[in-house]
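**Student:** build me a model from this:
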Amino acid sequence: PALSLSPDGQWQTLHFTIPALTSGCIREIGVCLTQCGEMDQPDELLAFVDDLYADGAADYTIRFADEHTEIWPGLHREISQMTRLKGITYLEDGAIHLSCADFGENYTGHHAWGDYTVSAQLIPMTGSQMGLNFRVQGAMRSYALAFDQGKIALLKNDSGYRTLCDTAFAWQTGERYELRARLEGKQIMAWCNNQFLFTYQDEDFPYLCGAVGLSVRNGAHLACREIAVSPNRA
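**Tutor:** Purely as a prediction, here's the structure:
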């Protein structure tokens, strides 16, 4: 934290850098004003707050072994720190599970995130089209790094998914993989288990910001143990 001291009656600036978090969730931010001095010498404290905001690059990890099921009035259930577009989702054996009949997607994060690196510990359970989403701008716009019938593909959702590029990769159901994507402007770099897959430059109205998430299609079932988002580092 930092405090820029100045005489009474002038604005002062406070800022605090939130450290990288693992299995953390910030529920509230705010300002606490405390009167200093002797208890038997009361004094008046008057302060104005002009603005309060949080910004900067995300740097945290969600471990689903530490998350829980939130139950809303009625039968509505969601997994903490996630929001669901469609599909069936639940927690089991330290992982979030997402499955579908036609398609299902879960999201987390902020729509204004720009450049970042995102990774996920994934286990393909059944089916052949499932993966990690990023630059998510809602149900109709996003990218996905996805397992797809003997390949790993980069998909773009522009009111429907299409393949931008892919590479052969002999992934197996029931095995755990780490998918990772580094986003720098229009450029997307992809890895699986630290093996470099490809670089793709999207020149066709690229998405330059967005949240992250998971997606399944055509009856697939995916398990995810953790999602990590961090600033790009050299």
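**Student:** next one: phi and psi at the residue lying closest to Ala211 once chain neighbours are set aside?
**Tutor:** Distance criterion CB to CB, 6 or more residues apart in numbering; nearest residue to Ala211, sequence neighbours excluded, is Gly109 at 3.7 Å. To be clear about C-beta, it is placed using only N, CA and C from the backbone, and glycine gets the same treatment. Dihedral pair for Gly109: phi 100, psi -160, per degrees, to the nearest 10.
**Student:** correct me, but Gly109 touches Ala228?
**Tutor:** No - assessed by CB atoms under 8 Å, Gly109 is found out of contact with Ala228, at 11.3 Å.
**Student:** that older thread, any figure for the gap between the residue nearest to Ala211 and Arg217?
**Tutor:** 21 Å (CB to CB, to the nearest Å).
**Student:** repeat for Leu155
**Tutor:** From Leu155 to Arg217 the distance is 9 Å (CB to CB).
**Student:** wait, what's in contact with the residue nearest to Ala211?
**Tutor:** Residues counted as contacts of Gly109 (CB atoms under 8 Å, 6 or more residues apart in numbering) are Ala58, Val136, Ala211, Val212, Gly213, Val229.
**Student:** what do Leu155 and Arg217 both touch?
**Tutor:** Tyr161.
**Student:** quick one: secondary structure of Ala65?
**Tutor:** Judged by DSSP: H, G, I helix; E, B strand; the rest coil, the three-state class of Ala65 is helix.
**Student:** quick check: closest non-adjacent residue to it.
**Tutor:** Gly94 (3.6 Å).
**Student:** kindly report the same for Leu164.
**Tutor:** Distances taken as CB to CB, 6+ apart put Leu154 closest to Leu164, at 4.6 Å, once the chain neighbours are dropped.
**Student:** can you confirm that neighbour is in a strand?
**Tutor:** Yes - Leu154: assigned to a strand according to three-state DSSP.
**Student:** what are the bridge partners for it, then?
**Tutor:** Beta-bridge partners for Leu154, by DSSP bridges, are Leu145, Cys165.
**Student:** so who does Asn232 touch?
**Tutor:** Contact analysis of Asn232 by CB under 8 Å, 6+ apart lists Asp115, Tyr116, Thr117, Arg182, Leu183, Glu184.
**Student:** from start to finish, how long is stretch 199-208 in a straight line?
**Tutor:** In stretch 199-208, first residue to last residue: 16 Å (CA to CA, to the nearest Å).
**Student:** repeat that for stretch 119-137.
**Tutor:** One end of stretch 119-137 to the other measures 18 Å (CA to CA).
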